[in-house]
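Trainee: Turn this into a structure:
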Amino acid sequence: MSAKRLVLLLFVLAGLAAYGGFFLAARMPSVEDARARSSPDPKSGQENVFCRGEIVPYLLFPDALWESWSGNPPEFSLADRLPLLAVAGLIVAWAAALGWLLLVAIRADRGLTRVETLVFSMAVGLNAVSTLVLAMGLCGWLRSRTVFLAAATIVVAAAGALWWQKRRHARVETAVALPSRKRRPRGGTATSAPTSKPETPWLSPRWLWLAAPFVAMIVLGAMLPPMDFDVREYHLEAPKEFYQQGRITFLAHNVYANMPLGAEMLCLLGMAITGDWWLGALVGKTVIALMAPLAALGLWAAGRRLFSPAAGVVAAIVYISVPWIIQASTAGLVDAAVGCYLLLAVYAVVLATAASKAHGLQAVGFTGTSPVGFTGTFPNPLPMVVLAGYLAGGAVSCKYPAVVFVALPLLVWIAVAALLGGGAWRVPGRPMASMGVTCARVGGFVLAVAIGCGLWFGKNWALTGNPTYPLLYAIFGGKTWDIAKDAQWAAVHGPRAFSLAALGSDLARVTMTSEWLSPLVMPLAVLALLARRKGIIWALAAYFAVVIAVWWLFTHRIDRFWIPALPLAALLAGAGACWSRERPWRWALMALLLLGTTYNFLAAASVGGGYNSYFISLDRARRDPGRVHSWHRYLNRRVTQGRVLLVGDAEPFDLEMPVLYNTCFDDSIFEQLVKGRSPEEIRAAFAERRITYVLVHWAEIRRYRQTYGFTPFVHAGVFSRLMVKGALQRDAQAPFPASVAEGYRVVPLGASTASKGE
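Mentor: Numbering: from 1, shown residues only. Below is the predicted model:
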């Protein structure tokens with residue numbers, strides 16, 4: 001090693017050590033808040049300070065981790081997961097088969113490796129299956145289990161027949177080509193290009209076993225019932241309500257349920273196949289979580305092709321071990337699914353813009369041959385453009401923000417590539433023909449995006465009059481929405497202060513202080529600037545910067561809105577890990593991977609894993625006091641007839657009886673039934689809705705009034721008057737603090753109107 005390289009290496013190691021020190025010293029506010037709630041009267045506020053470094057001692061006390069995984073008393077029960085895994089496996093097989101058929105149909109499989117084919121097939125298939133569920137739900141066929149199973153069987157059988165036919169055809173071609181001793185590249189027919197000897201891998205694919213604990217953690221956590229507020233409010237609650245009513249409709253009481261729910265359709269599919277909303281929700285939650293390992297597999301494939309085998313290994317390990325990805329995936333959130341679609345859409349665009357008659361990687365900044373000796377190129381970029389558009393549509397089908405995070409940036413990328421690119425992107429000497437090719441590429445992308453997510457916008461247009469409900473109210477209006485609600489929504493979901501201090505704080509979160517970030521991602525991604533292949537590195541870095549800029553300028557800046565861009569940072573980290581091939585750096589990198597993944601495992605398995613009772617029975621998890629609100633467990637035991645009206649409580653997923661509720665952005669059902677009515681009219685309104693019990697959650701109402709806003713009509717005096725007038729009777733049997741929530745039994749219509757208050 002030269003003196004210059006040695007100095008650079010020492011500088012890099014010093015920077016990594018400094019970053020690690022600052023990283024471990026960063027505070028974790030959510031853990032501090034949890035400690036404060038468990039100790040309401042601390043002697044000193046300093047007692048609740050919790051830094052990342054305090055996670056490390058968990059390595060010395062594995063008993064604490066085991067207790068959190070197996071419960072107290074301990075339990076090891078995984079047999080009840082087998083039906084869940086069987087149905088999830090059926091959905092995954094259906095999606096993979098359907099996606100592969102679609103890839104073959106548009107000829108996007110040509111030039112891909114087997115791993116790339118598998119990854120793209122899975123992603124395409126999951127979005128296609130989701131769209132099919134949406135279509136059947138709109139038609140009211142959600143109880144048609146036989147139709148779903150028949151569709152899955154036909155698709156899997158068709159894919160199997162096509163695979164066998166292709167294999168026989170390949171055998172014949174191999175036999176004919178034997179005398180020449182030439183072999184065709186894997187992944188289908190592709191134009192060959194001169195290649196150099198593949199780079200000798202120095203980080204073996206066996207290192208991918210480092211990802212195994214994290215994949216296991218994701219799968220085990222995904223099979224548990226939800227604990228996150230958003231998941232119990234709409235990610236799983238909306239599919240539950242659709243399934244219970246047998247069709248997908250407009251839900252006036254839950255604004256979130258009327259947004260794109262592409263990933264959640266997999267939960268609805270699980271409910272339709274199992275015939276059980278609770279078990280089906282866990283099936284879909286598991287399938288959604290599998291998109292994180294799918295993205296890691298995509299990173300391995302992309303890193304190998306674009307940089308080196310070692311880069312692919314590092315990118316996959318770095319990504320799958322990020323606590324943010326583990327937490328989002330096990331909780332039932334869809335951010336990792338959006339990230340998977342984003343990564344694969346970007347990768348498809350890279351492959352499309354790499355298409356040229358000379359060589360498939362020159363157009364994205366490479367000079368020379370593929371770093372790993374791939375012979376597959378893409379002489380016609382249109383199939384990859386269409387594939388990218390459909391995957392971008394898949395991202396949009398999961399969340400509206402993907403329009404500006406995924407679809408629009410990729411559209412600009414493709415348009416620029418079509419206008420400035422060479423090779424297969426232009427027709428030499430024929431400018432009009434080249435313009436036609438450009439329009440075809442851009443139009444193909446837009447059409448594919450529309451196919452990938454258009455049914456969601458059409459559904460909202462038909463049901464609410466606003467294709468982007470509840471957004472763009474000033475342009476389209478929208479059913480049940482008004483100016484006041486739109487202002488309330490914008491105030492909450494818009495960006496906060498614009499200042500240098502705010503920018504610095506938020507950039508610090510992205511690069512270091514975000515609670516569930518990994519110590520590996522950002523420092524290795526920065527090292528990518530020292531690596532070769534500058535063109536693609538700058539392109540990926542620019543895309544990541546665009547996502548962060550849009551996040552900061554146009555959203556309310558919660559971390560979950562930018563973590564879909566983490567796969568891009570992980571791919572850059574893979575490239576950065578290979579900035580040097582010197583032996584000292586290799587040893588340092590291996591040590592860094594071991595230390596970083598150990599921290600990530602401890603963080604995700606202890607304070608950052610959400611609900612991590614991996615080994616308790618599902619029946620116990622369903623009623624676990626550590627997960628289910630005490631009032632919900634009480635109502636599940638005591639309310640056997642009629643409906644429960646929730647006031648302020650908007651996460652009813654765990655309630656097993658019929659419920660009425662509304663989010664803080666929707667019209668208050670309680671206010672509609674009570675305001676301006678006499679006691680007799682109120683009781684008649686309750687009877688008409690079959691409401692027998694009212695639960696008012698004061699703690700949630702206080703939180704809403706401090707953050708999102710809540711109707712001023714709901715206050716303690718209203719309930720006192722209703723008791724005095726004989727419409728409600730406080731449930732004295734509920735042994736819970738009234739400061740948190742209160743329960744009231746509805747006085748039946750026709751009963752005495754004498755005072756029922758205490």
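Trainee: shaky segments in the protein?
Mentor: The chain contains residues with pLDDT under 70 at 1, 37-47, 173-174, 177-201, 355-379, 421-434, 608-609, 750-758.
Trainee: what ranges do the strands span in it?
Mentor: 643-647, 659-660, 691-697, 728-730, 741-746 (DSSP state E).
Trainee: what's the second one packed up against?
Mentor: The elements that strand 659-660 packs onto, with contact taken as 3 or more Cβ pairs under 8 Å, 6 or more residues apart in numbering; DSSP states H and E, are strand 643-647. Glycine gets a C-beta too; all of them are placed from N, C-alpha and C.
Trainee: So what touches stretch 3-14?
Mentor: Residues from elsewhere that reach stretch 3-14, judged by Cβ atoms under 8 Å, 6 or more residues apart in numbering: Met1, Leu527, Leu530, Trp579, Ser580, Glu582, Pro584, Trp585, Ala588.
Trainee: How about the third one, nearest residue that isn't a chain neighbour?
Mentor: Just to be clear, that refers to Leu530. Trp579 (4.0 Å; Cβ to Cβ, 6 or more residues apart in numbering).
Trainee: From Val526, how far out is that neighbour?
Mentor: Noted for Trp579: a distance of 10 Å to Val526, by Cβ to Cβ, to the nearest Å.
Trainee: follow-up on the earlier one: among the contacts of stretch 3-14, which ones are buried?
Mentor: Among these, the ones that count as buried by 16 or more other Cβ atoms under 10 Å are Leu527, Trp579, Ser580, Trp585, Ala588.
Trainee: Show me how the record splits the protein into domains.
Mentor: Listed by automatic domain parsing, the domain ranges of the chain are 192-220+290-605, 629-746.
Trainee: Dump those domains to TSV, plus distance to Val231.
Mentor: Converted to TSV, the domains of the chain look like this (distance: least, Cβ to Cβ, whole Å):
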stretch	distance to Val231
domain 192-220+290-605	4
domain 629-746	7
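Trainee: right, and the ones you listed - which one's nearest Thr131?
Mentor: domain 192-220+290-605 (5.8 Å; Cβ to Cβ).
Trainee: from the chain's centre, how far out does that closest one sit?
Mentor: Between the centre of domain 192-220+290-605 and the centre of its host chain there is 13 Å, according to Cα atoms, centre = their mean, to the nearest Å.
Trainee: tell me which of the buried ones among the contacts of stretch 3-14 is nearest to Tyr708?
Mentor: For the buried ones among the contacts of stretch 3-14, the nearest to Tyr708 is Leu527 (41.1 Å; Cβ to Cβ).
Trainee: Spatially nearest residue to Gly393, not counting backbone neighbours?
Mentor: Spatial nearest neighbour of Gly393, chain neighbours left out: Gly452 (1.8 Å); criterion: Cβ to Cβ, 6+ apart.
Trainee: Surely that neighbour and Ala402 touch.
Mentor: No. Checked against Cβ atoms under 8 Å, the pair Gly452 and Ala402 is beyond contact range at 10.3 Å.
Trainee: Which one's more surrounded, the two?
Mentor: Set Gly452 next to Ala402 and count neighbours by other Cβ atoms under 10 Å: Gly452 wins out with 27 against 24.
Trainee: Quickly check the contacts of stretch 3-14 for the two that are furthest apart.
Mentor: Met1 and Leu527 (16.9 Å).
Trainee: CSV for the strands of the chain, including mean neighbour count?
Mentor: Formatted as CSV, the strands of the chain follow (neighbours: other Cβ atoms under 10 Å):
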stretch, mean neighbour count
strand 643-647, 24
strand 659-660, 20
strand 691-697, 22
strand 728-730, 21
strand 741-746, 22
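Trainee: out of those strands, which comes closest to Arg509?
Mentor: With Cβ to Cβ, the closest approach to Arg509 among those belongs to strand 691-697: 30.4 Å.
Trainee: So which elements touch the closest one?
Mentor: helix 630-638, strand 643-647, helix 669-674, strand 741-746.
Trainee: Which one of these lies nearest to Met435?
Mentor: helix 669-674 (56.4 Å).
Trainee: who's in contact with that closest one?
Mentor: Under Cβ under 8 Å, 6+ apart, the answer for helix 669-674 is 253, 645, 647, 660-662, 682, 685-686, 689, 691, 694, 696, 711, 713-714, 718, 722.
Trainee: I'd like the buried ones among the contacts of stretch 3-14 as JSON lines, with distance to Phe653 appended.
Mentor: Shown next, in JSON lines, are these (distance: Cβ to Cβ, whole Å):
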{"residue": "Leu527", "distance to Phe653": "43"}
{"residue": "Trp579", "distance to Phe653": "47"}
{"residue": "Ser580", "distance to Phe653": "50"}
{"residue": "Trp585", "distance to Phe653": "49"}
{"residue": "Ala588", "distance to Phe653": "47"}
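Trainee: Please identify the one among these that lies nearest to Val172.
Mentor: Closest to Val172, out of all of the buried ones among the contacts of stretch 3-14 and judged by Cβ to Cβ, is Trp579, at 45.8 Å.
Trainee: how near is that closest one to Ala588?
Mentor: 12 Å.
Trainee: Same check on Gly709?
Mentor: 52 Å.
Trainee: And Leu101, by the same measure?
Mentor: Counting by Cβ to Cβ - Leu101 and Ala588 are separated by 46 Å.
Trainee: From Ala685, how far out is Phe554?
Mentor: Taken as Cβ to Cβ, the span from Phe554 to Ala685 is 41 Å.
Trainee: what's the answer for Ala418, then?
Mentor: Relative to Ala685, and taking Cβ to Cβ, Ala418 is found at 60 Å.
Trainee: what about the two, which has more around it?
Mentor: Counted by other Cβ under 10 Å, Ala418 and Ala685 do not tie: Ala418 has more neighbours, with 23 against 16.
Trainee: ok, how many other residues are close to the nearest residue to that one once chain neighbours are set aside?
Mentor: Nearest residue to Ala418, sequence neighbours excluded (Cβ to Cβ, 6+ apart): Thr438, at 4.0 Å. Thr438 has 19 neighbouring residues, counting by other Cβ under 10 Å.
Trainee: wait, isn't Thr438 in contact with Ala417?
Mentor: No. At 9.2 Å, Thr438 does not count as touching Ala417 under the criterion of Cβ under 8 Å.
Trainee: any idea how far Arg620 is from Ala490?
Mentor: In this structure, Ala490 and Arg620 are 43 Å apart, going by Cβ to Cβ.
Trainee: do the same with Pro57
Mentor: Distance from Pro57 to Arg620, by Cβ to Cβ: 29 Å.
Trainee: Could you do Leu149 as well?
Mentor: For Leu149 relative to Arg620 (Cβ to Cβ), the value is 30 Å.
Trainee: repeat for Gly494
Mentor: Using Cβ to Cβ, we find Gly494 at a distance of 42 Å from Arg620.
Trainee: on that earlier part again, so which of the buried ones among the contacts of stretch 3-14 is the closest to Leu306?
Mentor: Among those, and counting by Cβ to Cβ, the member closest to Leu306 is Trp579, at 14.6 Å.
Trainee: Can you tell me the closest non-neighbouring residue to Lys675?
Mentor: Phe713 is the one closest to Lys675 (Cβ to Cβ, 6+ apart), at 6.1 Å.
Trainee: how deep is the one you found tucked in, by neighbour count?
Mentor: 12.
Trainee: My guess is it contacts Asp667. True?
Mentor: No. If you go by Cβ under 8 Å, Phe713 and Asp667 don't touch, sitting 10.9 Å apart.
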